[in-house]
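# I'll drop the sequence and a predicted model, then ask my questions.
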Amino acid sequence: MPAIDNTYRTHYTNQIESGLLGQRATIAGWIEDLRDIGKVVFLTVRDVRGVAQAVVSGQSIEIIRDKQRQSAVIISGLVQDSKSKDFSLEIKADRVIILNDATHPLPIDPTGRVESALDKRIDSRALDLRSPKTASIFLLRSVLLENIRTTLRSNGFIEVNTPKIIGSASEGGANLFEFEYFKKPAYLAQSPQVYKEQLILALDRVFEIASYYRAEKSHTARHLSEFLSVDIEAAFTSMNEIINIAEQVLMNILSLNLSTSEGDMNGSKTLLIPKPRFPLKRLSYQQCVEDLKKQGENIEIGDDLSDASLRVLGEIHKGFFFIVDWPTKLKPFYIREKENDPRFSYSFDLQYGHLELISGGQRQHDPNRLKERLIEQNLNPDNFKHHLRVFSWGMPPHSGWGLGFDRLIMALTNLDNIREAVLYPRDVDRLTP
Ligand code: ATP
Ligand code: MG
């Protein structure tokens, strides 16, 4: 491993390997443990990629002896064999610099020896991230976002950025955040829906990865007020084609060899769930209702699938599966109904057990029908005039979906609470840090 061109370190801790025996190395990180046995002090130093041991003796002992765990340090010395049971190599330190002390008591213990509740961990997120288990979730997010971008780019999608401050409710509904914008009412975008539909008029295939805002008043483990969404929209496509793209995104993610990705994944390679068999099951909504009835659920065709119903379905169909052809009235105004039976629509959700990960479908591209649908859903077409006018500029048939990225991370890492998958979650009760 080549040395790093850096003022403070020559190596990350995971680069202290046998090839360095007898050579000098400088590591920089935080004191994880300190064992003072008189003439020598054993020190473990953690950085984002791992942990290394150093042995301090001689004059440097006085610098380190009374220092607190989690203080920022630089350690230099020769790499030698170690007799310790946890390390095969160690640095025989001849230079020790304390850059900044950690003041104790610390709010949480990032080594995880003393467990803290999630709320306390989020209150001190920057420190919580020194735990390799926590950090691995966010390294995974970074690797997956890069992979998703690659998959979409290789399918001809262009990445776009649409506004998050908007003048009218993009999809209607009660869960919009409203605020004052130069004395006029404005909203935080709940999705890029109208913009991505407009952009395919010229750009053909677009995707956006951005945060969206919903005033979700419920306290569930899967809803946040601010969440990251991967959205795609493609002209001249039907529902099945964009379902195939969702499968490809998922397949590429699940084929990643995380141990070879950049840096040390800090153990997150063990977090990924087993690879499902592709193509995934595509169950019709009606089939799901029949299944639920057989399980004794009180449900009729046309009813929404409640959380309880989805939990029952998730027990029958473990892992990933699609629910397709939902009742039109349960889906937003822009979803296209089936020509042969308008009670149902070209719409789908991707589930991971009971957890909804994606919603999508083919869109209504007929402007007159779209206007009718707005009225049916008690939305005012006037509020959508900037959107409706583009439909008379040669709007092609088109389809798309939105993937809740934080929920995907939850599913892949078996987390029970979406807040664990987000650095600084926002919900009814939390606006800080
Ligand atoms: P749900 O029924 O779970 O509330 P939804 O159907 O209202 O979700 P959509 O409008 O279909 O959500 O949004 C597309 C995707 O965005 C969802 O499948 C989900 O993965 C994600 N998502 C939606 N709302 C939230 C939220 N409040 N927090 C986190 N992710 C969300
Ligand atoms: Mg949905």
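Cool, got the structure. Ligands and ions are numbered 1, 2, ... in the order given.
# and the residue of the stretch 301-433 of the chain that's closest to ligand 1?
Going by C-beta to the nearest ligand atom, ligand 1 is nearest to Gly404 of the stretch 301-433 of the chain, at 2.1 Å. Heads up, the C-betas are built off the backbone N, CA and C, glycines and all.
# contact partners for that residue?
Residues near Gly404 by C-beta atoms under 8 Å, 6 or more residues apart in numbering: Phe227, Leu228, Ser229, Glu356, Leu357, Ile358.
# could you dump these into a markdown table with neighbour count, secondary structure and pLDDT added?
Output for the contacts of Gly404, formatted as a markdown table (neighbours: other C-beta atoms under 10 Å; DSSP: H, G, I helix; E, B strand; the rest coil; pLDDT from 0 to 100):
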| residue | neighbour count | secondary structure | pLDDT |
| --- | --- | --- | --- |
| Phe227 | 21 | strand | 98 |
| Leu228 | 20 | strand | 98 |
| Ser229 | 21 | strand | 98 |
| Glu356 | 17 | strand | 98 |
| Leu357 | 23 | strand | 98 |
| Ile358 | 25 | strand | 98 |
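# where along the stretch 201-350 of the chain do the strands fall?
205-213, 226-235, 281-284, 320-324, 347-352 (DSSP state E, counting those that start in this stretch).
# please identify the deepest-packed of these.
strand 347-352 (a mean of 25; mean count of other C-beta atoms under 10 Å).
# and that strand with strand 320-324, angle?
Per axes from the mean of the first three to the mean of the last three C-alpha atoms, to 10 degrees, the angle that strand 347-352 makes with strand 320-324 is 160 degrees.
# strand partners of strand 347-352, parallel vs antiparallel please.
strand 320-324 (antiparallel), strand 355-362 (antiparallel) (DSSP bridges).
# save those strands as a markdown table, and put in distance to Ile335 too.
A markdown table is the format used below for the strands paired with strand 347-352 (distance: least, C-beta to C-beta, whole Å):
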| stretch | distance to Ile335 |
| --- | --- |
| strand 320-324 | 12 |
| strand 355-362 | 5 |
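# mind putting these into a markdown table with distance to ligand 1?
Shown next, in a markdown table, are the strands paired with strand 347-352 (distance: least, C-beta to the nearest ligand atom, whole Å):
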| stretch | distance to ligand 1 |
| --- | --- |
| strand 320-324 | 11 |
| strand 355-362 | 3 |
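# quick one, phi/psi of the closest residue to Asn417 other than its chain neighbours?
Nearest non-adjacent residue to Asn417, counting by C-beta to C-beta, 6 or more residues apart in numbering: Ala221, 4.5 Å away. Here is the backbone geometry of Ala221 (degrees, to the nearest 10): phi -90, psi 0.
# residues contacting Ile370?
Wrong residue type there; residue 370 is Leu, not Ile. Contacts of Leu370 (C-beta under 8 Å, 6+ apart): Phe333, Tyr334, Gln364, Leu388, Phe391.
# over to Gly394?
Here Gly394 is in contact with Leu201 (criterion: C-beta under 8 Å, 6+ apart).
# do Trp401 as well
So Trp401 contacts Asp231, Ile232, Ile242, Ala246, Phe348, Ile358, Ser359, Gly360, Gly361 (C-beta under 8 Å, 6+ apart).
# test my guess that the fifth one contacts Glu241.
Going back to what we said before, that points to Phe348. No - using C-beta atoms under 8 Å, Phe348 is not in contact with Glu241; the gap is 11.8 Å.
# and the strands of the stretch 201-350 of the chain: which comes nearest Ala28?
Proximity of the strands of the stretch 201-350 of the chain to Ala28 was assessed by C-beta to C-beta; the nearest stretch is strand 226-235, lying at 30.7 Å.
# now the angle from that closest one to strand 205-213?
Relative orientation of strand 226-235 versus strand 205-213 (the same axes, to 10 degrees): 160 degrees.
# do strand 226-235 and ligand 1 meet?
Yes - using C-beta under 6 Å from any ligand atom, we find that strand 226-235 touches ligand 1 at Phe227, Ser229.
# surely Phe322 and Leu280 touch.
Yes - counting by C-beta under 8 Å, Phe322 touches Leu280, with 6.0 Å between them.
# related to what we said a few turns ago, what's the separation between the residue of the stretch 301-433 of the chain closest to ligand 1 and Arg222?
8 Å (C-beta to C-beta, to the nearest Å).
# point out the residues in this structure that sit beside ligand 1.
Applying C-beta under 6 Å from any ligand atom, we find that the chain lies next to ligand 1 at 214, 216, 223-224, 227, 229, 356-359, 402, 404, 406-407, 418.
# most widely separated two among the residues you listed?
Glu216 and Ile358 (17.8 Å).
# scan the contacts of Leu370 and report the most crowded one.
The most neighbours of any of these, using other C-beta atoms under 10 Å, belong to Gln364, which has 27 neighbours.
# show me what contacts Lys293?
Ile299.
# contact partners for Lys184?
Counting by C-beta under 8 Å, 6+ apart, the residues that Lys184 touches are Gly167.
# same question for Ala221.
Asp416, Asn417, Ile418, Arg419.
# what is the neighbour count of the first one?
The tally of other residues near Asp416 (other C-beta under 10 Å) stands at 10.
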